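Undergrad: here are the coordinates; sequence isn't available:
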Ligand SMILES: CC(=O)SCCNC(=O)CCNC(=O)[C@H](O)C(C)(C)COP(=O)(O)OP(=O)(O)OC[C@H]1O[C@@H](n2cnc3c(N)ncnc32)[C@H](O)[C@@H]1OP(=O)(O)O
Ligand SMILES: O=C([O-])CC(=O)C(=O)O
């Protein structure tokens, strides 16, 4: 028997939700290239596409958006809960704690029932932006701003978080970021979600667990670390030695490398293009640093198939949109609700409890030693 470390290269599902060609740098959602969706669609439409397998008709989409917007308002008990938390609680932990509480507002009769899948999806898409924006305001001792359903999904989030309405351009940029983060086959957090749902736990438990999985620095948590890494650079001439030093110490370069992509992550390319366009209008020193960092890191890592991933450039865009650094990974989670839900729903069609095995390499017949005799 052999151990498949990290399950690398082992298929655990058949799925029609998204497709990656890691050699060519291709990503498709339900067969549609990511570039085309970023160009033409909006996040909630993409969420619908991912979960229901097709683009919605005009009426289907109207109903879906209206159902999500009905859930932008959260119960005052959730705000009370947030108000009791220590002010320095990381927003990923806040999110991980808040999502299971949403189940108190839905009578989940049967996890296999598609009604639950729909209800949980629209509730989480509606509640999560409000929880995050409220936590940003509460933790800064600012007044919570109620949602404004007349704004687009992304505009409303920026408004609730910042306290001022974003421009149309800011709303569009944010929406495109959400599309790019919505889904990515069986990554660690999506795998977590389907493992949880395979026990027939509800979708809130699956998503809460997935949020925990996404928070780690080898996964979504890298976007926050990239921002700190780049912000610490005072002089661009130091970049080559900073990279050398990290590699010498066997440290990972945050925002670089991927289990599946052995070339440039197509999402990073789109984010970089968006930043490049914005930087021609307004000088952005962090983007300039990131570009030089990328060039220098690629000189050392590119030949090993280690390139920028989605987490490398996203934080610089979020920074431009006025989103505080600790909220970069939570914003990733907000978008990924779509992918997690799509996979949970798909997995339950032919559910099989996840229960892998192990190769035991411990001892046998070892006897209990009373505490006073232990060394
Ligand atoms: C949304 C996302 O989750 S995207 C990924 C976000 N995570 C990061 O940006 C963190 C930095 N990146 C990494 O740690 C890795 O690239 C991972 C974990 C994402 C994927 O790596 P894996 O496929 O598991 O490869 P693994 O960890 O086995 O690394 C293979 C080799 O590449 C090296 N390597 C991989 N990524 C990096 C990196 N970012 N910096 C330096 N070296 C790296 C490893 O040190 C290892 O070298 P070795 O064979 O000499 O020991
Ligand atoms: O696919 C992965 O392993 C990580 C990733 O890029 C994502 O989840 O977006």
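TA: Cool, the structure landed. All of these numbers come straight from a predicted model, not from anything done at the bench. Ligands and ions are numbered 1, 2, ... in the order given.
Undergrad: So for residue 284, what pLDDT did the model give?
TA: With respect to pLDDT, residue 284 has a value of 86.
Undergrad: wait, what's in contact with it?
TA: 275, 278, 316, 320 (Cβ atoms under 8 Å, 6 or more residues apart in numbering). The C-beta positions use only the backbone N, C-alpha and C, and glycine is treated the same way.
Undergrad: Show the residue spans covered by the strands in this protein.
TA: 18-21, 26-29, 32-33 (DSSP state E).
Undergrad: Out of those strands, which one sits most buried?
TA: Mean neighbour count (mean count of other Cβ atoms under 10 Å) peaks for strand 26-29 among those, with a mean of 20.
Undergrad: for that strand, packing partners?
TA: Judged by 3 or more Cβ pairs under 8 Å, 6 or more residues apart in numbering; DSSP states H and E, strand 26-29 is in contact with strand 18-21, helix 34-40, helix 43-52, helix 266-281.
Undergrad: Remind me what the longest one packs against, helices and strands.
TA: The contact analysis (3+ Cβ pairs under 8 Å, 6+ apart) places helix 266-281 against strand 26-29, helix 34-40, helix 168-181, helix 285-301, helix 310-320.
Undergrad: need those in a markdown table with distance to ligand 2, can you?
TA: Putting the helices and strands packed on helix 266-281 into a markdown table (distance: least, Cβ to the nearest ligand atom, whole Å) gives the following:
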| stretch | distance to ligand 2 |
| --- | --- |
| strand 26-29 | 9 |
| helix 34-40 | 11 |
| helix 168-181 | 7 |
| helix 285-301 | 17 |
| helix 310-320 | 5 |
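Undergrad: Burial-wise, tell me which of these comes out on top.
TA: The stretch of the helices and strands packed on helix 266-281 with the highest mean neighbour count (mean count of other Cβ under 10 Å) is helix 310-320, at a mean of 25.
Undergrad: As CSV, the strands of the chain with mean pLDDT and distance to residue 359 would be great.
TA: Listed next are these as CSV, based on pLDDT from 0 to 100; distance: least, Cβ to Cβ, whole Å:
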stretch, mean pLDDT, distance to residue 359
strand 18-21, 98, 30
strand 26-29, 98, 35
strand 32-33, 98, 42
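Undergrad: of all those, which lies closest to residue 48?
TA: Smallest distance to residue 48 across the strands of the chain (Cβ to Cβ): 11.0 Å, for strand 26-29.
Undergrad: for the residue in the stretch 251-375 of the chain that ligand 2 sits nearest to, what are its contacts?
TA: Ranked by Cβ to the nearest ligand atom, the top residue of the stretch 251-375 of the chain for proximity to ligand 2 is residue 259, at 5.0 Å. Residues near residue 259 by Cβ under 8 Å, 6+ apart: 6, 8.
Undergrad: Could you check the pLDDT of residue 279?
TA: 86.
Undergrad: Okay, it and residue 104: tell me how far apart.
TA: Separation of residue 279 from residue 104 (Cβ to Cβ, to the nearest Å): 45 Å.
Undergrad: Could you count how many residues lie near the residue of the stretch 101-250 of the chain found nearest ligand 1?
TA: Ligand 1 sits closest to residue 222 of the stretch 101-250 of the chain, with a gap of 3.6 Å, by Cβ to the nearest ligand atom. For residue 222, the tally of surrounding residues (other Cβ atoms under 10 Å) stands at 27.
Undergrad: quick one on the thing from earlier: tell me which of the helices and strands packed on strand 26-29 approaches residue 4 most closely.
TA: strand 18-21 (19.2 Å).
Undergrad: Just checking that closest one against ligand 2, any contact.
TA: No - figure legend: strand 18-21 not in contact with ligand 2 (Cβ under 6 Å from any ligand atom); closest approach 7.4 Å.
Undergrad: ok, that strand near ligand 1 or not?
TA: No - on the criterion Cβ under 6 Å from any ligand atom, strand 18-21 is out of touch with ligand 1, staying 11.8 Å away.
Undergrad: Angles on the backbone of the closest residue to ligand 1 within the stretch 251-375 of the chain, please.
TA: Per Cβ to the nearest ligand atom, residue 257 is where the stretch 251-375 of the chain lies closest to ligand 1, at 2.1 Å. Here is the backbone geometry of residue 257 (degrees, to the nearest 10): phi 90, psi 150.
Undergrad: What is the burial count for the residue lying closest to residue 172 once chain neighbours are set aside?
TA: Among residues not flanking residue 172 along the chain, residue 154 sits closest, at 7.8 Å (Cβ to Cβ, 6 or more residues apart in numbering). With neighbours defined by other Cβ under 10 Å, the count for residue 154 comes to 27.
Undergrad: ditto for the one 3 residues further on
TA: The burial metric for residue 157, expressed as a neighbour count using other Cβ under 10 Å, is 28.
Undergrad: didn't it look like it was pressed against residue 335?
TA: No - assessed by Cβ atoms under 8 Å, residue 157 is found out of contact with residue 335, at 10.6 Å.
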